[in-house]
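Novice: Okay, predicted coordinates and the sequence, questions at the end:
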Amino acid sequence: MDQTVTDFARAVQDILFAGQRMDQRGWVPATAGNISRRLADGRIAITRSGCHKGFLQAADVITVDMQGKPHSPENRPSAETLLHCQIYRHFPQVGAVLHGHSVASTVLSMEEETAALTLADYEVLKVFEGQTTHETSVQVPLFENDQDIARLAEVVEPFFGTGMPAGYIIRGHGVYVWGKDMPTALARLEGLEFLLACALERRKLHV
Ligand SMILES: CSCCC(=O)C(=O)COP(=O)(O)O
Ligand SMILES: [Zn+2]
């Protein structure tokens, strides 16, 4: 079989699996969230806008170019496609991007008054690249939500230069994470969501 076809078919399987996994964990309620995978030929495979991520069909995965333009004009890619493309442009080694709307990321990002969530002293911090001990802290940047995704991307843009080890959160909206491939991105998301759930539990204990 043609290599381009095989690569796209694998990307579709990766995206469907990720959607089911994220749905099982309660991170993509209703039609929330979006999922993408870089293809070997430079295109991006991404979820169609408005699909439930737990029940994705192969036809719900479409392709866009690095500027977010769909290859078939009748296809409407995720409303947040530009945020995926931005990550792929900044990190050539990134192969998959995930966006979810968990309770913990939504609530904590609305409650936190500073510009980042600090996650410190957790063993699971080691899920993030370069972390070898629990005696450390990771800053997850928080950005104001904006329905204008191009404008939101402009606000996020400068942070790529400063290193964003864990991903980022849009306030009251959800989290973005990425990895070299889909399993790595899913592991990062699982690690980050665990840490956010811990942080939320601790805040509840301390009220
Ligand atoms: C019901 S969630 C609102 C839109 C959103 O934030 C999201 O993640 C899903 O948008 P998409 O266009 O990718 O389906
Ligand atoms: Zn969203």
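Specialist: Everything's here; your move. Model, not experiment: these values are computed from the prediction. Ligands and ions are numbered 1, 2, ... in the order given.

Novice: Tell me the confidence at residue 162?
Specialist: The score at residue 162 is 80. That number is its pLDDT.

Novice: Next: residue 27.
Specialist: We have a pLDDT of 98 for residue 27.

Novice: ok, and the closest non-adjacent residue to it?
Specialist: residue 100 (3.6 Å; CB to CB, 6 or more residues apart in numbering). C-betas here are computed from N, CA, C, even on glycine.

Novice: any idea how far the one you found lies from ligand 1?
Specialist: 8 Å (CB to the nearest ligand atom, to the nearest Å).

Novice: pLDDT wise, what is that residue at?
Specialist: What the model reports as pLDDT for residue 100 is 98.

Novice: That one pairs with what?
Specialist: Residue 100 forms beta bridges with residue 175, as assigned by DSSP bridges.

Novice: Count residues in the vicinity of it, would you?
Specialist: 26 (other CB atoms under 10 Å).

Novice: how much space between residue 131 and residue 176?
Specialist: Per CB to CB, to the nearest Å, residue 131 is found 19 Å from residue 176.

Novice: err, residue 106, not the other one
Specialist: For residue 106, the distance to residue 176 - CB to CB - is 13 Å.

Novice: could you check whether stretch 82-90 is close to ligand 1?
Specialist: No: shown here: stretch 82-90 not in contact with ligand 1 (CB under 6 Å from any ligand atom), separated by at least 9.5 Å.

Novice: Buried residues of that stretch, list them for me.
Specialist: 82, 83, 84, 85, 86, 87, 88 (16 or more other CB atoms under 10 Å).

Novice: now, among the residues you listed, which is nearest to residue 36?
Specialist: In terms of CB to CB, no member of these lies closer to residue 36 than residue 84, at 4.5 Å.

Novice: circling back to that earlier point, pick out whichever of residue 131 and residue 176 has more residues nearby.
Specialist: Neighbours of residue 131 and residue 176, each counted by other CB under 10 Å, are more numerous for residue 176; the result is 26 against 18.

Novice: Now do the helices in this structure.
Specialist: Here the chain has its helices, by DSSP state H, at 3-24, 81-90, 103-111, 149-156, 182-205.

Novice: Now do the fourth one: everything it contacts.
Specialist: Same thing as helix 149-156. 79, 80, 81, 82, 83, 86, 143, 144, 145, 146, 168, 170 (CB atoms under 8 Å, 6 or more residues apart in numbering).

Novice: ok, of those residues, which come out buried?
Specialist: By 16+ other CB under 10 Å, these give 80, 81, 82, 83, 86, 143, 168, 170 as buried.
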